[in-house]
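Enquirer: model this:
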Amino acid sequence: MSVGTLLRTEALSSILDLRNVTAALSQGSLLQSPLFPVLLSISTYFCLIGLYTALDLLAPTWPCINRHRLHPDKPITWPNVWTTLLLTIYNHLFYIFPAAVAQWLWRPPIPLPREAPTLCNFLLGIFGCTVVFDFQYYIWHLLHHRVPWLYRTFHAMHHQYNQPFSLVTQYLSGWELFSVGLWATIDPILLQCHCLTTWGFMVFNVYVSTEDHCGYDFPWSMHRLVPFGLWGGAPKHDTHHQKPSTNFAPFFSHWDWLAGTLIGPSPSSLSAYTGV
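Expert: Model (predicted):
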């Protein structure tokens, strides 16, 4: 091999190694950035609502989809989609984006642990965060229904739709969006979760929140997978939008059961819920 060829080979090898190192640093920098959890939550949410919205628009002509809807005789229309989507985009631009930028500027990069959590710790961490979040939101939600000023000022917007669909998940006032986002952010910190557990909880939280509002009762829905009626799910949250004095908890059913505010699906969605 000539000297020139050897030098070119070494130079090419150095460039490839530098690219690999740069890519690794870039990936690590992204994971350490305070923006990463925000980007993860937002991308998860828009992927889910994109999927559910596609199902909503196909349902009127696809009986295999429509039969799983809680209100198969009341299709989701394009005006419904545009109204809720515009508010969602507005909230992200004027509330989430400034908060994310502020966090990016003020919060130092997050150190990445050398080891991942065990599967048991990962699952227990997500479960713990979900239980704490469920209690926090139950109290917040109950107060915003029992105090007329709180309801009129902050929460009434969310109840403009008495038959929710996925885009209603974040059809919220800025205060409600901030409150929910704050708890989802601080609960893993309070429970001292591993960063991987934190990210897992954020994805799970977005998923079950969207499922609660999706308006579908699929065989794989959470309320069908969790035994003994411990999980509320879309049918019970749909009932809450029709009977706002019931079913305040976002996920589990035990707080509503203890407080006497638990109620089953409304008659209008009972046939879809039971599959008859």
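Enquirer: quick one: the residue nearest the centre of the chain from residue 66, how far?
Expert: In the chain, the residue lying closest to the centroid (C-alpha atoms, centre = their mean) is residue 206, at 1.1 Å. Separation of residue 206 from residue 66 (C-beta to C-beta, to the nearest Å) stands at 25 Å. Every C-beta, even on glycine, is put in place using the N, C-alpha and C of the backbone.
Enquirer: rewinding a little: just the element for the residue nearest to the centre of the chain, please.
Expert: Assigned by DSSP states H and E, residue 206 belongs to helix 195-213.
Enquirer: in that helix, what's buried?
Expert: Within helix 195-213, the residues that qualify as buried are 195-206, 208-213, counting by 16 or more other C-beta atoms under 10 Å.
Enquirer: can you give the contact residues for it?
Expert: Residues from elsewhere that reach helix 195-213, judged by C-beta atoms under 8 Å, 6 or more residues apart in numbering: 31, 36-37, 40-41, 44-45, 48-49, 52, 110, 112-113, 116-117, 121-122, 125-126, 129-130, 133, 164-166, 168-169, 184, 187-189, 193, 221-222, 232-234, 237, 250-251.
Enquirer: by contact count, what packs against the helix or strand following that helix?
Expert: Remark: after helix 195-213, the chain's next helix or strand is helix 222-225, criterion DSSP H and E. On a contact count with 3 or more C-beta pairs under 8 Å, 6 or more residues apart in numbering; DSSP states H and E, helix 222-225 meets helix 233-242.
Enquirer: and the average pLDDT for the helix or strand just after the helix it packs on is what?
Expert: Per DSSP H and E, the first helix or strand lying C-terminal to helix 233-242 is helix 254-259. Throughout helix 254-259, pLDDT has a mean value of 96.
Enquirer: where in this structure is pLDDT low?
Expert: 1-28, 266-276 (pLDDT under 70).
Enquirer: change it to 90
Expert: 1-38, 97-114, 178, 181-182, 264-276 (pLDDT under 90).
Enquirer: that one: helices as residue ranges?
Expert: 3-32, 35-58, 63-66, 78-91, 97-106, 119-146, 148-150, 174-190, 195-213, 222-225, 233-242, 254-259, 267-274 (DSSP state H).
Enquirer: tell me which of those helices sits most buried.
Expert: When you average the neighbours per residue for each of those (mean count of other C-beta atoms under 10 Å), helix 233-242 leads with a mean of 24.
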